[in-house]
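Visitor: Structure for this input, please:
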Amino acid sequence: MGCGNVFFTLIITFSAALITYNIIISANASLKQDFPGNSNPSKLTVDPIIKMPSDSPKKTKRLFHTAVTSSDSIYNTWQCRVMYYWFNKHKHKPNSDMGGFTRILHSGKSDRFMDEIPTFVANPLPDGVDQGYIVLNRPWAFVQWLQQANIEEDYIFMSEPDHLLVKPIPNLSIDGLAAAYPFFYIDPKKYETILRKFFPEEKGPITNIDPIGNSPVIVGKEALKKIAPTWMNVSLEMKKDPEADKAFGWVLEMYAYAVASAFHGVGNILYEEFMIQPPWSTTIGKSYIIHYTYGCDYDLQGKMTPGKIGEWRFDKRSYDNVWPPKNLSMPPAGVPESVVTLVKMVNEATANIPNWGSD
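Guide: Presented below is the predicted three-dimensional model:
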């Protein structure tokens, strides 16, 4: 009986001590908790009863695979080589979710740049099917690549040869939504009557069709596997439809992708800062891509001369059958940052790419 009283007394004493210890710890603890991790580890109070985690949780990377479609023309090839140079410059930098890279070559045959740029050879459309609109090969090439290639990443970044990557690109897609750039000239509401031929009312309001093309877009791989065949078929049907062909012109394939994405219920987060398009965009800002689709014409005082060949100019179409020379002349003083950066980036790439300009 005496031993029992002693044991009971010890239990009470230990419990009281433990309660007092926790009260003291709680009273001295900061109201602002920085767990896990603390800005001042030396002042971190550790309760010996609960082990603190040794490492903060690490962000899981969501890598995307960059895919660029191309013909075997000099025009497309030199742009792909410059684009791939800048891809490699940024791939391993902080904030990058950039995984592998593939040039999808839709000529049906290999070329001499297969060892320089990772390449998948796709077959072109049968003769006459594209009706002179070579861009129709793009969705067909993507269908073949998605069906036949071993793509490790869970996301795809669809880019183009005339994209210069200004900095590392993170995976901008979120919660099943793709990330895309909104084009001012893609206006589904304006062409609702035409688009209803390809996007019936039971699929939802016309506003479900986002003002996008297929590039730049970061989208889930499994989603794109569903979108791509529809994109291809809608492109071909639009080209056969005189009303759609006339209305959409050279952006027909872009409308087709927007329709296909909506058809499969894949929404898009629209990022204005995804890319800029000189000379109309004058600063780099927070953008990730320079898209040099427009000609840049200026007089020697740095004033833009739209619609008129300038005393100084850079236009990719000047090099449709020849390689751009190394060390292109820089624009005159007063030309916007976006154009200056574009020329500097092309010059850096051509100076460092082996055997530049050799046929």
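Visitor: quick one: the strands in the stretch 51-200 of the chain?
Guide: 64-70, 98-105, 119-121, 155-159, 163-165, 178-180 (DSSP state E, counting those that start in this stretch).
Visitor: Give me the secondary structure label for the residue lying closest to residue 327 once chain neighbours are set aside.
Guide: Using C-beta to C-beta, 6 or more residues apart in numbering and skipping the chain neighbours, the partner closest in space to residue 327 is residue 347 (5.8 Å). Using the backbone N, CA and C atoms, a C-beta is placed for each residue, glycine as well. Classification of residue 347 using DSSP: H, G, I helix; E, B strand; the rest coil returns helix.
Visitor: residues near residue 347, how many?
Guide: Residue 347: 18 surrounding residues under other C-beta atoms under 10 Å.
Visitor: Dihedrals phi and psi, residue 285?
Guide: Main-chain torsions, residue 285, degrees, to the nearest 10: phi 60, psi -130.
Visitor: Check the contact between it and residue 273; I expect there is one.
Guide: Yes. Look at residue 285 against residue 273 with C-beta atoms under 8 Å: they come within range, at 6.4 Å.
Visitor: lowest-confidence helix or strand of this structure?
Guide: helix 2-28 (a mean of 38; mean pLDDT, DSSP states H and E).
Visitor: wouldn't residue 86 be in contact with residue 162 here?
Guide: No. Using C-beta under 8 Å, residue 86 is not in contact with residue 162; the gap is 11.8 Å.
Visitor: Residues that sit against both of those two, list them.
Guide: Contact criterion C-beta atoms under 8 Å, 6 or more residues apart in numbering; residues shared by residue 86 and residue 162: none found.
Visitor: any chance you could map the helices in the chain?
Guide: For the chain, helices defined by DSSP state H occupy the ranges 2-28, 74-90, 137-148, 192-195, 221-240, 242-248, 252-263, 337-352.
Visitor: Quick one, which of the ones you listed gets closest to residue 323.
Guide: In terms of C-beta to C-beta, the element of the helices of the chain nearest to residue 323 is helix 74-90, at 5.4 Å.
Visitor: which other helices and strands contact the closest one?
Guide: strand 64-70, strand 98-105, strand 163-165, helix 337-352 (3 or more C-beta pairs under 8 Å, 6 or more residues apart in numbering; DSSP states H and E).
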